[in-house]
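>>> sequence first, then the predicted structure, then my questions.
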Amino acid sequence: MASLSAIDHMVDGYALHEVILDDSGTAIDYRFLEINLAFEEMTGLSRDIVGKTVLEVMPGTEKIWIEKYGSVAMTGVPISFEQGAAELGKFFKVNAYQPKPGQFACLFVDISEQIETQRKLARSEAQLRGLLDNSRDVYLAVDLEYHLITANTVAVEYLDKLLNVRLTEGSPILELYSEDLAASWKERYDRAIAGEDLLITESWDREGLRYDSEVSVRALTTDGKTIGVTVVSRDMTEYNRSREKVQSLLDDKEVLLREVHHRIKNNIYTVRSMLEIQAAASEDQGAAEIIRNAAVRLGSMMTLYEKLYRGEDFRKLAIREFFTSLFDDVLSSHVYPVKLSLEVADVSLDARTASTLGIIVNELLANSLKHAFQTEGDHRLVFSIRLVDDQLIMEFADNGPGSDSLQDGGGFGMELLSAFTDKLKGSLKLDGSAGFSCELVFPFEGTERA
C-alpha cells in the first residue's frame, strides 16, 4: 500500500476501498479505506468519509459505479473508464485495479471542463452547414427518432456510391439500411445518445476495392439538452495504405513487463503497460493508435514521477534533468534517428507546473514523430527553456514539412495545448511556415532555482 506521504502528494485523486456484497455475491456498496488530498480537492469530500460506505456518503450514487468497481474487486481485471457523478456534478476519468481480493483502488482526474468543452463544440457543429459542405469528410445528424436532420454533400454522394442509399432530410435513416446494418447503427446511435463518444474504424469491400473510414459518433446537444446524434466519417483508405507500409517496417511484437510496486510510479507503470498490451493485441488499428498515443503521454508522466520521488524534495523538479530524460527515452525508441539540440535553464518547478509543462512538451514531441519524421531523412529537433525577466520561454521546433497546428485527428492535441497553456497562465504561438515551431511563455512564479 502506498504510504500516506506519497499519496497525499499525488497529482491525481487516489482512493482505496473494500467492496460490500449481498448474500448472492453481488456488489451492493463499497467502503472508503483511504483517500488522498487530491481526492478531497476534486470531490469536495473530506477525510471524514474514511470508514463509511459510498451510499452512506452519497445515497444517490449511480449503480454503474458500484457495478464497475465490484467487478474489479472480485475478478481482479483492471478497467479504465469515464463517468459522471451526479451528486458531485462532475465527470471523472478513472483507472481502477485490485490490490487484493475484495478490494479495489482507483486513480482519477476531473475531466468536467473537458466534457463541457466537448458539449459546446457539439452545439457549434450543428450551425456549420456551410463549412461542412466544403469538407471532404462525411457529416450527418440524426434526431432522437433516427430521422435525418441534415447531411452534407459528401455524405449524400458517399452513401450513394457505397450502399446505394439516397439521403433526404427527414427520412428514417435506419430504414434505408439493410437489417444487419440498421441494427448496428441503432446501437451506435443509442450509445451516443446515452453520452458515449464513439470512434470507430470500418472497412468495406465493394467491387474488389477496399474502403477504410474512421467514424466519430457523438451526441448532438443544444443548451445542455441532447437532441440527436452527429456522425463524422473520414476516408482513411489512402492513409491506412501508407500506414501499413510504415507498420511493416516495425517489429510485429512489443511486450513490456513492469514490476509491480506500491507507490505512484508503479501505478502509472501499471496503467501504461495495460494500454500498450491492449494496443499490441488490438486488431483495430485506429483504436490501437489512440491507445498508443495515450501510453506515450503516460510515459512522460512516468519520467516525471521518477525524477520527483528520487529527488530530495518531491514537491519540485529540476527541469533540465527531466526533459533530458524525456527526450532520450522517446527518441531512442523512434524508428528513424533524430538529431536533438537541447538547452534548458537550470531551474526547478513545483510538481504541478512541471507536470503540466511535461504534458505539453510530450504532445509536441509525439506530433513531430508522428507527422514530421515518418521517412528517412535529416531529422532535427530544437528544444530550449530560457528564464527571462521572471518568465520562462519554451521553444520547440522540428524541420518537418510544417503545419500551423497539431495534426491530431479531431483536434485533441490542440485542445490539450490550449487547456494546459491556460493552466500555466501563459501564451502560445505556433508557426508552420518552415517546419513546425512553438513558443510558450509563462510566468516563473518564484519557484526555487536549481
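Okay, I see it. Since this is a predicted model, take the numbers as computed values, not measurements.
>>> each with direction, which strands does the longest strand seen in the chain pair with?
Longest strand in the chain by number of residues, with DSSP state E as the criterion: strand 209-222. Sheet pairing of strand 209-222 (DSSP bridges) gives strand 198-206 (antiparallel), strand 225-235 (antiparallel).
>>> buried residues, the first one. List them.
Within strand 198-206, the residues that count as buried by 16 or more other C-beta atoms under 10 Å are 199-201. Where you see a C-beta, it was placed from the backbone N, CA and C, and this is true even at glycine.
>>> next: stretch 99-113.
99, 103-112.
>>> a markdown table for those residues, including pLDDT?
Output for these, formatted as a markdown table (pLDDT from 0 to 100):
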| residue | pLDDT |
| --- | --- |
| 99 | 95 |
| 103 | 96 |
| 104 | 96 |
| 105 | 95 |
| 106 | 95 |
| 107 | 95 |
| 108 | 94 |
| 109 | 94 |
| 110 | 93 |
| 111 | 92 |
| 112 | 91 |
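>>> out of those residues, which are inside helices?
Under the assignment DSSP state H, those contribute residue 112 to helices.
>>> can you redo the buried residues of stretch 99-113 as JSON lines with distance to residue 425?
As requested, the buried residues of stretch 99-113 are arranged in JSON lines below (distance: C-beta to C-beta, whole Å):
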{"residue": "99", "distance to residue 425": "38"}
{"residue": "103", "distance to residue 425": "40"}
{"residue": "104", "distance to residue 425": "37"}
{"residue": "105", "distance to residue 425": "33"}
{"residue": "106", "distance to residue 425": "30"}
{"residue": "107", "distance to residue 425": "26"}
{"residue": "108", "distance to residue 425": "25"}
{"residue": "109", "distance to residue 425": "20"}
{"residue": "110", "distance to residue 425": "19"}
{"residue": "111", "distance to residue 425": "21"}
{"residue": "112", "distance to residue 425": "20"}
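>>> pick the one among the buried residues of stretch 99-113 closest to residue 26.
Among those, residue 104 lies closest to residue 26 (C-beta to C-beta), at 15.4 Å.
>>> quick one: that closest one and residue 6, what's the gap?
19 Å (C-beta to C-beta, to the nearest Å).
>>> residue 172 too?
57 Å.
>>> looking at these two, which is more packed in?
residue 6 (18 against 12; other C-beta atoms under 10 Å).
>>> and the next element down the chain from the helix or strand harbouring the more buried one?
Assigned by DSSP states H and E, residue 6 belongs to helix 4-7. For helix 4-7, the succeeding helix or strand toward the C-terminus, using DSSP H and E, is strand 13-21.
>>> just how off-centre is that next one within its chain?
24 Å (C-alpha atoms, centre = their mean, to the nearest Å).
>>> which of the residues in that strand are buried?
13-17, 19-20.
>>> report the buried residues of the next helix or strand after that strand.
With elements assigned by DSSP H and E, the helix or strand that comes after strand 13-21 is strand 27-35. Buried residues in strand 27-35, counted by 16+ other C-beta under 10 Å: 27-32, 34-35.
>>> could those go into JSON lines alongside distance to residue 286?
Formatted as JSON lines, the buried residues of strand 27-35 follow (distance: C-beta to C-beta, whole Å):
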{"residue": "27", "distance to residue 286": "34"}
{"residue": "28", "distance to residue 286": "38"}
{"residue": "29", "distance to residue 286": "38"}
{"residue": "30", "distance to residue 286": "35"}
{"residue": "31", "distance to residue 286": "40"}
{"residue": "32", "distance to residue 286": "38"}
{"residue": "34", "distance to residue 286": "38"}
{"residue": "35", "distance to residue 286": "37"}
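>>> and the helices in the stretch 201-350 of the chain?
237-247, 264-281, 285-310, 319-332 (DSSP state H, counting those that start in this stretch).
>>> give me the secondary structure label for residue 180.
Judged by DSSP: H, G, I helix; E, B strand; the rest coil, the three-state class of residue 180 is helix.
>>> report the separation between it and residue 174.
Distance from residue 180 to residue 174, by C-beta to C-beta: 12 Å.
>>> these two - which one has more neighbours?
Each of residue 180 and residue 174 has its neighbours counted (other C-beta under 10 Å); residue 174 has more, 17 against 8.
>>> what separates the nearest residue to that one once chain neighbours are set aside from residue 377, distance-wise?
In this structure, residue 174 finds its nearest non-sequential neighbour in residue 182, 4.3 Å apart by C-beta to C-beta, 6 or more residues apart in numbering. Relative to residue 377, residue 182 is positioned 48 Å away (C-beta to C-beta).
>>> more neighbours: which of those two?
residue 182 (16 against 13).
>>> returning to what we had before: can you redo the buried residues of strand 13-21 as JSON lines with pLDDT?
Shown next, in JSON lines, are the buried residues of strand 13-21 (pLDDT from 0 to 100):
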{"residue": "13", "pLDDT": "93"}
{"residue": "14", "pLDDT": "94"}
{"residue": "15", "pLDDT": "94"}
{"residue": "16", "pLDDT": "95"}
{"residue": "17", "pLDDT": "96"}
{"residue": "19", "pLDDT": "97"}
{"residue": "20", "pLDDT": "96"}
